[in-house]
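Enquirer: Structure, please.
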Amino acid sequence: MPNPVSPNLIADAVVAAVRALNLVPGNKVQKLKTPSLPSGVDPPFIAVCVGEGGEEGQTTILTYRHKINRYPTTVVIIGAGDGRVLADGERVREWRTLIEQAVGDSRGCFATVPGWLFTATIGKAPFDGSLIPRDLDYSAQTFNVAVVEPRST
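Expert: Take a look at the predicted model:
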């Protein structure tokens, strides 16, 4: 059984899958702790943010040796604008569909993540939208990445 999964490993897998879609230049898809537009980078930009596994309600005990941890993983498309949610834009809808196909329950995306079990789309972003400056538009998709990990003894 693999060691506990690092959120960085999940973020790296999602960043690679989104970069492969060529929606924006590769340097405009990055893993970040919180969704934001890095200094000196112009929109559009795609941020990948992974929460910690094992938070309350995110762990299921399987056996005395194993558990399932769920890592909330959000892909945020950030664009120039006036602070609106981007969900209704045609281009953003197309991007969201492509991201869903590449990340949502995709064995190809998570082949490098030890113990990956499944990925479920949960929709609501686990962050406060006010974190993104008001002069930017954004659209967020959240996935729950489930991984079988060893329990502490």
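Enquirer: okay, CA-based contacts and neighbour counts for the rest of this
Expert: Will do.
Enquirer: so who does the nearest residue to Ile10 once chain neighbours are set aside touch?
Expert: In space, and not counting its chain neighbours, Ile10 is closest to Val113: 6.6 Å by C-alpha to C-alpha, 6 or more residues apart in numbering. Taking C-alpha atoms under 8 Å, 6 or more residues apart in numbering, we find Val113 in contact with 5, 9-10, 13.
Enquirer: Check Asn8 too.
Expert: Contacts for Asn8 were tallied using C-alpha under 8 Å, 6+ apart; they are Val50.
Enquirer: my guess is Gly51 meets Val75, correct?
Expert: No. Look at Gly51 against Val75 with C-alpha atoms under 8 Å: they stay out of range, at 11.7 Å.
Enquirer: Comparing those two, which shows the higher neighbour count?
Expert: Applying other C-alpha atoms under 10 Å to Gly51 and Val75 shows that Val75 carries more neighbours, namely 28 against 20.
Enquirer: Specify the beta-bridge partners of that one.
Expert: Val48, Gln141 (DSSP bridges).
Enquirer: sorry, back to before: look up how far Pro38 lies from the residue nearest to Ile10.
Expert: Val113 sits 27 Å away from Pro38, going by C-alpha to C-alpha, to the nearest Å.
Enquirer: mind showing which ranges of this protein have poor pLDDT?
Expert: Scanning the chain for pLDDT under 70 picks out the ranges 1-4, 54-57, 81-88, 105, 126, 153.
Enquirer: just the strands in the chain please.
Expert: With DSSP state E, the ranges of strands along the chain come out as 29-31, 45-50, 59-61, 66-80, 116-121, 136-150.
Enquirer: Kind regards, and thank you for your time.
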